[in-house]
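[1] Pasting the sequence and the predicted model now:
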Amino acid sequence: MTPIKLAIFVTGGGTNCENIIRYFQDKPEVEIPIVVSSRADAYALVRAERLGVPTTVITRQQLNEEPERVKEAVRGCDYIILAGFLPKVPVYLINLFPNRIINIHPALLPKFGGKGMWGHHVHEAVKAAGETVSGITIHFVNPELDEGEHIAQFSTPLSPEDTPEDIADKVHELEMAHFPQVIEQVILHH
């Protein structure tokens, strides 16, 4: 059986990226031929290379202006996994991978999604709103930011004492615990 190939798109530190690579390392039915970063200084590149996964850098500008370069990078891949990828995915890529681009968002969408809602901004907004629960949403990507069809949500209780950093830690634990398994369920049963 031909393995299902995943391209992982990253922008920052790459903890989710590393977690996904490690999760699928011993699973011959899934292969990760490429990690694409929108920033040349992303630590995710170091993590991927250490684990023997080839990497390439495609800046936000190249993503939008050099579609051929992007298509070449993901040629042969079945899915694109956004693991902390900040640029908006261009429509040509969504059309190329319909319902095969999977994103993780560090809040319970539709709350705290959309423009400007990434990383610590999300957790600060959750704290400011006095939410008693937060979590992660794993969803397909469509042309509207954070509005694609939901695949799974996992939540964690918050206490009034939690700082945005505490919320970030709780949400990160959910990402580590669930993202690779959900990816696996989607790609093997899609």
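    Yep, it's here.
[2] all contacts plus neighbour counts: C-alpha atoms, from now on.
    OK.
[3] How about residues contacting the helix or strand hosting Ile80?
    Assigned by DSSP states H and E, Ile80 belongs to strand 79-82. Under the criterion Cα atoms under 8 Å, 6 or more residues apart in numbering, residues 5-10, 97, 100-104, 187 lie in contact with strand 79-82.
[4] where does Val36 land in three-state SS?
    State at Val36, reduced to three classes by DSSP: H, G, I helix; E, B strand; the rest coil: strand.
[5] which residues does it contact?
    By Cα under 8 Å, 6+ apart, the residues touching Val36 are 7-10, 55-58, 73.
[6] quick one on the thing from earlier: between the contacts of strand 79-82, which is closest to His123?
    When the contacts of strand 79-82 are compared for distance to His123 (Cα to Cα), Ile104 wins out at 14.5 Å.
[7] what about the closest one, distance to Val36?
    Taking Cα to Cα, to the nearest Å as the measure, Ile104 falls 16 Å from Val36.
[8] cool, Arg60 as well?
    For Arg60, the distance to Val36 - Cα to Cα - is 11 Å.
[9] what packs against the longest helix anywhere in the chain?
    Using DSSP state H, we find that the single longest helix of the chain is helix 164-189. Under the contact criterion of 3 or more Cα pairs under 8 Å, 6 or more residues apart in numbering; DSSP states H and E, helix 164-189 touches helix 15-24, strand 101-105, helix 119-128, strand 133-140, strand 150-157.
[10] circling back: sort out which of the contacts of Val36 are in strands and list them.
    7-10, 55-57 (DSSP state E).
[11] got CSV for those, with distance to His120 and neighbour count too?
    Output for these, formatted as CSV (distance: Cα to Cα, whole Å; neighbours: other Cα atoms under 10 Å):
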residue, distance to His120, neighbour count
Ala7, 25, 23
Ile8, 22, 29
Phe9, 19, 28
Val10, 16, 27
Thr55, 26, 20
Thr56, 26, 16
Val57, 24, 21
